[in-house]
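[1] heads up, no residue letters with this:
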């Protein structure tokens, strides 16, 4: 039942030869570090470059990027009479020029034209742009397209400074594709990134998740363990603690997955060693879930997922080895913490599902009254929430309009009901969706930059071209972001619908069980019921303290329930 993410160019003011009042980036001799010490790719020419092209390059070398953009546009528009080869070269330099001017989205469009032709130094600049632009720009697809057209070029010497970053980006590209062959290609790319690289822990994280998607949990755990070793050797380094925590969380999930696989095989074969394997994997899962600290943003999710591992111990393993693992009482205690008033305004899908799990635990122990009380608690909130959520997804059929609505929902100004106001903003904080929103913000920034430019440049053909291009990109980006926001809410709607269906199923099972017991009584059968009480067990460092309220934050995660089983003795 369990539901199974080139440093910033400095802008300095200087006096321009063409536009005396125009602010522009200051040039560095030899192109500077932002040019990454690469010369433009050699492109054979059928005739000499025009004076216009040569003048454009002189402006670029002097750091007058605004003037360079004007003359490069003359070449590209055909005014200079240059050959197609020279136009390709101008396209390359235009991409670089716009990058320096911080028109990153516009720059990407020019480099994309060269990607289709396989000019390998374009990869260097795409790698740089990947640090400036979110994935929603399609930059991974552009890098992947180039690599598939010219795979041998990835080994070119001039790519050495950015080679490992390109391997990482290609790994992400193949990972996003998602089919089996592509996932294996992703593993090949991630494996080529050495531990000395800054992107190594992120690559290992994706490598582990890729193995999970390929149903290879042992290899996945090796990747996550590599992150734990990296975090230990780089303790205190920026980001190492976050990677350490994420690796522990993924390890817990991998062990849980391995436990369920072993359990399914055990059901089919009835082999004791498979049950022992499942037991070991569930215990390892719990061990890693318990390393997530209360202060972490992942703590509630870890607590909920750990509850399922505890549930499996008592629901499935206990009846094989006839041993009480305290799984039910710990799972119920975790659910008690998850639904504490401290988290009243925080929503994640584990919250409603925790109530379903609680009802299942009571049902398993024939505590039908408590199970139905839990289902009533669930039904007071979530069926109505599902209905309202469905209505929200149908608002504003046009995705561009829905984007504006999503922005209002994020800010709490959309006039949502109290329950929806708690749920919807958390869904709209989805990382992929936030990247879409961020891209719209980036396009808006670039448009404002055009509007605020000096009139002398703003009135040129290249400025008009950039303005038109960015306006179109922004409209498309807003539509895609609006569509994704709607889809994220639809996904939540589907998950809530599944849980509402589960609640109905449990209610039906309870009625059937009660009918069976009533039928037995009608037949005057003797019903033997032995109440089995599972009490909390504690070590020497803890004591049992009855909960009578109020809630205390330092008690969260330590609650345990006394579980009474009132099922018939066969």
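    Good, I have the coordinates. Every value quoted in this text rests on a predicted model; they were computed, and no experiment measured them.
[2] how does the protein divide up, domain by domain?
    Each domain of the chain is listed here as a residue range: 195-344, 349-523, per automatic domain parsing.
[3] what's the most buried one of those?
    Among the domains of the chain, domain 195-344 has the highest mean neighbour count (mean count of other C-beta atoms under 10 Å), at a mean of 19. Where C-beta positions appear, they are placed from N, C-alpha and C, glycine not excepted.
[4] mean confidence score for it?
    Across domain 195-344, the average pLDDT comes to 94.
[5] repeat that for stretch 402-415.
    Mean predicted confidence for stretch 402-415 is 94.
[6] returning to that earlier point: in CSV, list the domains of the chain along with distance to residue 93.
    Output for the domains of the chain, formatted as CSV (distance: least, C-beta to C-beta, whole Å):
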stretch, distance to residue 93
domain 195-344, 28
domain 349-523, 13
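[7] can you pull the contacts of the nearest residue in space to residue 316 that is not next to it in sequence?
    In this structure, residue 316 finds its nearest non-sequential neighbour in residue 263, 6.0 Å apart by C-beta to C-beta, 6 or more residues apart in numbering. For residue 263, the contacting residues are 274, 275, 278, 312, 316, by C-beta atoms under 8 Å, 6 or more residues apart in numbering.
[8] run through the neighbouring helices and strands of the strand or helix carrying the third one.
    It stands for residue 278. According to DSSP states H and E, residue 278 maps onto helix 272-289. Packing partners of helix 272-289 (3 or more C-beta pairs under 8 Å, 6 or more residues apart in numbering; DSSP states H and E): helix 240-269, helix 299-312, helix 318-321.
[9] now with 6 Å?
    helix 240-269, helix 299-312 (3 or more C-beta pairs under 6 Å, 6 or more residues apart in numbering; DSSP states H and E).
[10] tabulate those (JSON lines), appending distance to residue 393.
    JSON lines is the format used below for the helices and strands packed on helix 272-289 (distance: least, C-beta to C-beta, whole Å):
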{"stretch": "helix 240-269", "distance to residue 393": "29"}
{"stretch": "helix 299-312", "distance to residue 393": "24"}
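[11] tell me which of these lies nearest to residue 131.
    helix 240-269 (18.5 Å; C-beta to C-beta).
[12] now the closest one and helix 299-312, what's the angle there?
    Using axes from the mean of the first three to the mean of the last three C-alpha atoms, to 10 degrees, the direction of helix 240-269 lies 20 degrees away from that of helix 299-312.
[13] roughly how far is helix 240-269 from the heart of the chain?
    Taking the mean of its C-alpha atoms, helix 240-269 sits 19 Å from the chain's own mean (C-alpha atoms, centre = their mean, to the nearest Å).
[14] now swap in stretch 286-299 and tell me
    19 Å.
[15] check the separation of the first and last residues in that stretch.
    End-to-end distance of stretch 286-299 (C-alpha to C-alpha, to the nearest Å): 13 Å.
[16] for the remainder of this discussion, apply numbering that starts at 668.
    Shifting the count to begin at 668 puts that one at stretch 953-966.
[17] measure residue 1217 to residue 1007 for me?
    10 Å (C-beta to C-beta, to the nearest Å).
[18] what about the residue lying closest to residue 1086 once chain neighbours are set aside, which helix or strand?
    Closest residue in space to residue 1086, ignoring its immediate chain neighbours: residue 1052 at 5.2 Å, by C-beta to C-beta, 6+ apart. Residue 1052 belongs to helix 1035-1060 when assigned by DSSP H and E.
[19] which SSE is immediately downstream of that helix?
    Past helix 1035-1060, the next helix or strand by DSSP H and E is helix 1066-1078.
[20] between helix 1035-1060 and that next one, find me the angle.
    130 degrees.
[21] now do the helix or strand just after helix 1066-1078, average pLDDT.
    Later in the chain than helix 1066-1078, the nearest helix or strand by DSSP H and E is helix 1085-1094. Regarding helix 1085-1094, the rounded mean pLDDT is 90.
[22] how distant is helix 1085-1094 from the center of its chain?
    On C-alpha atoms, centre = their mean, the centre of helix 1085-1094 falls 20 Å from that of its chain.
[23] farthest-separated two in the contacts of residue 930?
    941 and 979 (13.7 Å).
[24] for the residue lying closest to residue 1062 once chain neighbours are set aside, give its distance to residue 1021.
    Leaving aside its chain neighbours, residue 1062 sits nearest to residue 1072 (6.0 Å; criterion: C-beta to C-beta, 6+ apart). Per C-beta to C-beta, residue 1072 is found 30 Å from residue 1021.
[25] over to residue 913?
    Applying C-beta to C-beta to residue 913 and residue 1021 gives a distance of 22 Å.
[26] can you check the pLDDT for residue 741?
    For residue 741, the predicted pLDDT is 96.
[27] that one is in contact with residue 748, isn't it?
    No. Using C-beta atoms under 6 Å, residue 741 is not in contact with residue 748, being 10.0 Å away.
[28] quick one: mean pLDDT over the top helix by length along the chain.
    In the chain, ranked by residue count with DSSP state H as the criterion, the top helix is helix 1128-1189. Average pLDDT, helix 1128-1189: 91.
[29] got the angle for it vs helix 1035-1060?
    150 degrees.
[30] so which elements touch helix 1128-1189?
    By 3+ C-beta pairs under 6 Å, 6+ apart, helix 1128-1189 packs against helix 732-743, helix 771-782, helix 1017-1031, helix 1035-1060, helix 1066-1078, helix 1085-1094, helix 1098-1118.
[31] just checking, what packs against the third one?
    The contact analysis (3+ C-beta pairs under 6 Å, 6+ apart) places helix 1017-1031 against helix 966-979, helix 994-1005, helix 1035-1060, helix 1128-1189.
[32] the fifth one now?
    Contact analysis of helix 1066-1078 by 3+ C-beta pairs under 6 Å, 6+ apart lists helix 1128-1189 as its packing neighbours.
[33] got the angle between the helix it packs on and helix 732-743?
    Using the same axes, to 10 degrees: helix 1128-1189 against helix 732-743 is 90 degrees.
[34] ok, which of the helices and strands packed on helix 939-956 comes nearest residue 1110?
    Of the helices and strands packed on helix 939-956, nearest to residue 1110 by C-beta to C-beta is helix 907-936, at 28.8 Å.
[35] from residue 956, how far off is residue 891?
    14 Å.
[36] actually residue 766, not the one I typed
    45 Å.
[37] now residue 733
    56 Å.
[38] does residue 1231 belong to a helix, a strand or coil?
    strand (DSSP: H, G, I helix; E, B strand; the rest coil).
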